[in-house]
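K.L.:
predicted model, plus sequence, below.
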Amino acid sequence: MEKTVEYDELTINERQKGDKTFFKMLDSVRHGCLTDETIDTLKYRVFEVSIQEKYKELEKTEKIELACVDVVDESGSTATFDKKQEKD
């Protein structure tokens with residue numbers, strides 16, 4: 001038996017439509033053109049959780065969490081987020 005998935009493509013950005021700065025920041029990340037300001041803003045919003053705490057939390061909730069994580073060392077430096085020129 002063949003199964004198919006139907007979806008509706010979202011064309012209106014509801015979450016960022018009222019925040020032009022946040023929209024531009026996410027757009028630059030999407031295009032891989034990170035500025036120092038974007039990198040600093042993202043680093044500021046990172047919070048640390050021990051892997052043991054997170055594992056225990058996931059065991060209790062039975063949720064599956066997917067994450068795309070870049071390499072960040074203990075100093076907060078990102079290994080592959082080299083600064084690039086922002087596209088206009």
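P.N.:
On my side now, so go ahead. Please read all numbers here as calculations on a predicted model, not as lab measurements.
K.L.:
what ranges do the helices span in this protein?
P.N.:
Listed in chain order, the helices of the chain (DSSP state H) span 20-30, 36-44, 51-61.
K.L.:
residue 4 is nearest to which of these?
P.N.:
helix 20-30 (28.1 Å; Cβ to Cβ). The C-beta positions use only the backbone N, C-alpha and C, and glycine is treated the same way.
K.L.:
can you tell me which helices and strands the closest one packs against?
P.N.:
The helices and strands touching helix 20-30, judged by 3 or more Cβ pairs under 8 Å, 6 or more residues apart in numbering; DSSP states H and E, are helix 36-44.
K.L.:
buried residues in the helix it packs on?
P.N.:
Under the neighbour-count criterion of 16 or more other Cβ atoms under 10 Å, helix 36-44 has 38, 39, 42 buried.
K.L.:
by pLDDT, give me the weakest of those.
P.N.:
Note: of those, the lowest pLDDT belongs to residue 42, at 80.
K.L.:
quick check: it vs residue 20, distance?
P.N.:
To residue 20, residue 42 is 17 Å away according to Cβ to Cβ, to the nearest Å.
K.L.:
cool, and residue 41?
P.N.:
With the distance defined as Cβ to Cβ, residue 41 ends up 14 Å from residue 20.
K.L.:
ok, residue 36 next?
P.N.:
Using Cβ to Cβ, we find residue 36 at a distance of 19 Å from residue 20.
K.L.:
same thing with residue 44?
P.N.:
Distance of residue 44 to residue 20, computed by Cβ to Cβ: 19 Å.
K.L.:
pLDDT below threshold where in the chain?
P.N.:
Within the chain, the ranges that satisfy pLDDT under 70 run 1, 62-88.
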